[in-house]
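A.B. asks: okay, predicted coordinates and the sequence, questions at the end:
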Amino acid sequence: MLRQQDVGHRIVVRRIVGIREGRPLFSDALGDLVELTETHVTLLTVRGRLRVPVAEVHRAKRVPPARRPTAAAVVALELAADEAWPAPVRGRLGDWLLRSAEGWTGRANSALPVGDPDRPLPAALDAVARWYADHGQPALVNTPLPLAAPVGAELDARGWGTRPPTLVQTVPLATLRAADTGSPRPGNPTPSPPESPTPPPVESPTPRPPDSAGLPPVELVAAPSAAWLAVAAGRKGGLPEAARHVLTAVDRLCFAQVYADGELLAIGRGTVTGGGRWLGLTLLEVLPHARRQGLATHVVRALADWGAALGATDAFLQVEQRNAGALALYRTLGFTTHHSYLTRTAP
């Protein structure tokens, strides 16, 4: 039967749809698992969203994705993601990256073991542990799968722990921008509240007027406002000085914010990295009282228009596999799982 770690992956469900002459009739459904509860299995198929009562499930299991990316594609995307979330303190171990940012987020404080570490694997992991000890931090290693499976096996043998899986999801920008979700397109920028300086606007595509949903427009700016940073700090548990470097030390970058009646309702961050191919979406956050109004989609599509105007062709984001709500949203926008990674923790 399915488990929570299967959320975000491709599954097949055989369900009981009736009885004929005393024998059950079955129907199979193939799609991405977006939610798993005690009562229902919810998957997104080529025909749309399907919610199957657990009582009707005869059998369900994870199946391989339709196509797996090459090792080179995984490496390229991991490096683009690193470029979009740059740690201020960095080292190298052959091709491996060592990253430190005062403990702010696992991505910016972990080793990325892609490529050749220029020494045997056990010696490489010993060197990783020493580097983090010298920086006064516990060692973390992000292992993209299945690319870094040998690294994971060695860490298993050493008794390292594992954080919940993270999915790296992608979508062509043309698909993302064409997705019909009922969300308005970005309109003309609105000013920030008077109590904080307004960051300079970034160059963006010709704005499209809001539709009948009546959502406030998305403002795209070159630097985060104090209110934007406050929302980010609330989500990430504070913002040390290193965090400001992670957030701003990218050449092609913008910050999205949605205000209504002087109140900040939603934020997002967009980067273009990987030689100009990849639009990275990070820190998508909607304040609790403003959720379920389409604001997250509203922000994503504004950032998609911005990235496309800069020549990006694809978008990526990273989401914990257990975050069923976010996975359901991203699936409706066309995102699929490119690969996953595990953050490994030293014993």
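C.D. replies: That came in fine, so what should we check first?

A.B. asks: low-confidence ranges, this protein, go.
C.D. replies: The chain contains residues with pLDDT under 70 at 46-48, 180-213.

A.B. asks: who's in contact with the nearest residue to residue 324 once chain neighbours are set aside?
C.D. replies: Once flanking residues are discounted, residue 324 sits nearest to residue 35: 4.4 Å by Cβ to Cβ, 6 or more residues apart in numbering. (C-beta placed from N, C-alpha, C; glycine too.) Contacts here follow Cβ atoms under 8 Å, 6 or more residues apart in numbering; on that basis residue 35 touches 7, 41, 42, 324, 327, 328.

A.B. asks: which ones among the residues you listed are found in helices?
C.D. replies: 324, 327, 328 (DSSP state H).

A.B. asks: please pick the buried ones from those.
C.D. replies: Buried subset of those (neighbour count, 16 or more other Cβ atoms under 10 Å): 324, 327, 328.

A.B. asks: can you list those in JSON lines and add distance to residue 237?
C.D. replies: Formatted as JSON lines, those follow (distance: Cβ to Cβ, whole Å):
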{"residue": "324", "distance to residue 237": "22"}
{"residue": "327", "distance to residue 237": "23"}
{"residue": "328", "distance to residue 237": "25"}
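
A.B. asks: the strands in the stretch 1-150 of the chain, which residues?
C.D. replies: For the stretch 1-150 of the chain, applying DSSP state E, counting those that start in this stretch gives strands covering 10-20, 23-36, 40-45, 48-53, 57-62, 89-93, 96-100, 140-145.

A.B. asks: so which of those strands is nearest residue 238?
C.D. replies: strand 96-100 (16.4 Å; Cβ to Cβ).

A.B. asks: list the buried residues of the closest one.
C.D. replies: For strand 96-100, burial by neighbour count (16+ other Cβ under 10 Å) applies to 96, 97, 98, 99, 100.

A.B. asks: likewise for stretch 240-252?
C.D. replies: Buried, per 16+ other Cβ under 10 Å, within stretch 240-252: 242, 243, 245, 246, 247, 250, 252.

A.B. asks: for stretch 155-164, same thing?
C.D. replies: 155, 160.

A.B. asks: then stretch 140-155?
C.D. replies: Applying 16+ other Cβ under 10 Å to stretch 140-155 flags 140, 141, 142, 143, 144, 147, 148, 151, 152, 154, 155 as buried.
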